[in-house]
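1. Sequence plus the predicted model coming up.
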Amino acid sequence: MSGLSFQKLPLLLCLLALSGLTHGVKVVVKEGSDVMLPCSLSTKENMESKLFDWKKVAQKDAGEKEVFLYDAGSHYNNGRGGQSEQFKGRISHFQDELKHANASIIIRNTKISDSGNYTCYFPRLRPPQTFYIELIVEQVFKDRSGENPAASPEPYIRTLNATADWALLQCEVRRATPKPKLEWKDSAGNTLPAEERHTSERGGSYYITLITTVTETDNYSCVVTQEEVSHQTHAETFVLISAASPEPYIRTLKATADWALLQCEVRRSTPKPKLEWKDSAGNTLPAEERPTSERGGSYYITLITTVTETDNYSCVVTQEEVSHQTHAETFVLISGEVGEDSSSKVAFGWLFGGFVLGALTLAIVQALLTVTKILTIRCNKGSRQQGNGLGDQENGSCENCRELLRSQNGR
């Protein structure tokens, strides 16, 4: 039999007999579970061809009810009529134990209405025997909205405000009777601090609003309890506190003429991010992750790398779960590279300037030589004209020419 171990039944019956409670047994069970009502003859005679009848004793609000009747193989579970509607489909017996005088039954999925006094009656025994069992079904809190019109309906949940670090949740109950108790709980069942923002009563029905602020990604429930009617219902909502990582912090820890040690740091990131160093071409650089810490669900991560070339370098932070990516950049100047370039440029500049200056000097010398040659030719021509009997004017021109040459040569 599922739900109960029959091997424990003989021990239970033995203990009941020793205690003198065979004819007055009390059985306590939680609502919704299966329960065994014990009934067994001390004679141990075979009951397969006998008759026994289980009844629920009449109560103030209900008459006597037929629970289970067995008569030489004929019973309510194989076509026999007469069973009370309340117990149909929920009662079974131990067929293989009838030969040991065991007439116990099982009631499945117990209800509050099952509570009461039961009799197990053997009418054909001489003398007839009756066993009395009291069943107490303890009420549990569950959703009774389908069976009790006064039960509160499922609450309404909405997010009033949210940031990357927190969310403000509201739970609202309408037309609840009797007055319910509202609570916010996380997935572990912990009750959260909350504020009852609004409560009003209209025509015997209550309208209540409860708010809470959450700071972690989780499933949150608003639980509504009405103790008077053993009713409890709830609504759930999932909150994602992305805490998307802010732009990382970059700094240069150390630098020489040949290399620089760079550090990238991310703080208060949820979920845990992935950090990478990249150069301007997008190549991922070898890097070392310093010890990672986690505080209250947020991560603090540091990644370092060493670079040896002048370039723009980026620290890229990726959170795949929230499709988030951010980065920060820094420019690194490796001075050793720049010194060589500057020296080359300066040397080339001096060489080019010397070349230009030399060419200019040469051009000036050539121009002076050309002028001197022209003047010499003109003076020679003047002398020849003087020899041919030209006037004093030509002679004076020649003297002027000589003076000009002497002045040019003296410079």
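-> Received it, and whenever you're ready, just let me know what you need. Keep in mind it's a predicted model, so treat the numbers as computed, not measured.

2. What backbone torsions are found at the residue most central in space within the chain?
-> The chain has T217 as the residue nearest its centroid, 4.8 Å off, counting by C-alpha atoms, centre = their mean. Main-chain dihedrals, T217, degrees, to the nearest 10: phi -70, psi 130.

3. change the start of the numbering to 9 and stick with it
-> From this message on, residue numbering opens at 9, which makes the last subject T225.

4. gap between it and C179?
-> Applying C-beta to C-beta, to the nearest Å, the value for T225 to C179 is 19 Å. Every C-beta, even on glycine, is put in place using the N, C-alpha and C of the backbone.

5. on that earlier part again, so the residue nearest to the centre of the chain versus A172, what's the distance?
-> T225 is 11 Å from A172, where distance means C-beta to C-beta.

6. likewise G212?
-> 44 Å.

7. more crowded one of these two?
-> Legend: neighbour count by other C-beta atoms under 10 Å for G212 and A172, higher for A172 (15 against 10).

8. Below-threshold pLDDT in the stretch 209-358 of the chain: ranges please.
-> Scanning the stretch 209-358 of the chain for pLDDT under 70 picks out 250-251, 304, 345-358.

9. need the helices for it, in chain order.
-> For the stretch 209-358 of the chain, the helices defined by DSSP state H, counting those that start in this stretch cover 343-395.

10. Which neighbouring residues are in contact with the residue nearest to the centre of the chain, exactly?
-> The contact partners of T225, taken as C-beta atoms under 8 Å, 6 or more residues apart in numbering, are 247-250, 278-279, 305.

11. Could I get the contacting residues of the residue lying closest to E317 once chain neighbours are set aside?
-> Spatial nearest neighbour of E317, chain neighbours left out: I342 (5.9 Å); criterion: C-beta to C-beta, 6 or more residues apart in numbering. Each residue near I342 by C-beta under 8 Å, 6+ apart is listed here: 265-268, 315-318.

12. ok, now C230?
-> Going by C-beta under 8 Å, 6+ apart, C230 touches 163, 165, 177, 179, 190-193, 218, 242-244.

13. cool, V222 as well?
-> Contact analysis of V222 by C-beta under 8 Å, 6+ apart lists 174-175, 177, 194, 200, 228, 247, 249.

14. which residues does it bridge with?
-> Beta-bridge pairing for V222 (DSSP bridges): A175.

15. gap between it and E180?
-> Taken as C-beta to C-beta, the span from V222 to E180 is 17 Å.

16. Check Y308 too.
-> Noted for Y308: a distance of 38 Å to E180, by C-beta to C-beta.

17. just D173 next, same as before
-> Separation of D173 from E180 (C-beta to C-beta): 25 Å.

18. Weed out the non-buried ones from the contacts of I342.
-> When the contacts of I342 are checked for burial by 16 or more other C-beta atoms under 10 Å, the buried set is 268, 315.

19. quick one, strands of the stretch 9-158 of the chain?
-> 33-38, 43-45, 59-64, 73-79, 82-83, 99-101, 113-115, 124-130, 137-146 (DSSP state E, counting those that start in this stretch).

20. possible to save those as CSV with mean neighbour count?
-> Listed next are the strands of the stretch 9-158 of the chain as CSV, based on neighbours: other C-beta atoms under 10 Å:
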stretch, mean neighbour count
strand 33-38, 14
strand 43-45, 21
strand 59-64, 21
strand 73-79, 20
strand 82-83, 14
strand 99-101, 20
strand 113-115, 22
strand 124-130, 19
strand 137-146, 18
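
21. neighbour-wise, which of D173 and E180 wins?
-> Taking other C-beta under 10 Å, D173 and E180 do not tie; E180 has more neighbours (18 against 13).

22. That one belongs to a helix, doesn't it?
-> No. Membership of E180 in a helix is not supported by DSSP: H, G, I helix; E, B strand; the rest coil, which gives strand.

23. Tell me who's in contact with it.
-> Each residue near E180 by C-beta under 8 Å, 6+ apart is listed here: 163-166, 215-218.

24. Looking at the residues you listed, which is nearest V232?
-> Of all the contacts of E180, V232 sits closest to P163, with 5.3 Å by C-beta to C-beta.

25. Please tell me how far that closest one sits from E235.
-> P163 is 16 Å from E235, by C-beta to C-beta.

26. Looking at those two, which is more packed in?
-> Using other C-beta under 10 Å, the more surrounded residue of P163 and E235 is P163, with 23 against 12.

27. Distance-wise, check that one relative to T207.
-> Look at P163 and T207: by C-beta to C-beta, they are 14 Å apart.

28. go on, V247?
-> Per C-beta to C-beta, V247 is found 25 Å from T207.

29. quick one, which of the two is more surrounded?
-> Legend: neighbour count by other C-beta under 10 Å for V247 and T207, higher for V247 (17 against 13).

30. and the nearest residue in space to that one that is not next to it in sequence, what does it touch?
-> Closest residue to V247 apart from its sequence neighbours, by C-beta to C-beta, 6+ apart: A175 at 4.9 Å. Applying C-beta under 8 Å, 6+ apart to A175 gives the contacts 167, 169, 221-222, 247, 249.

31. Show the pLDDT at A175.
-> We note a pLDDT of 93 for A175 in this prediction.
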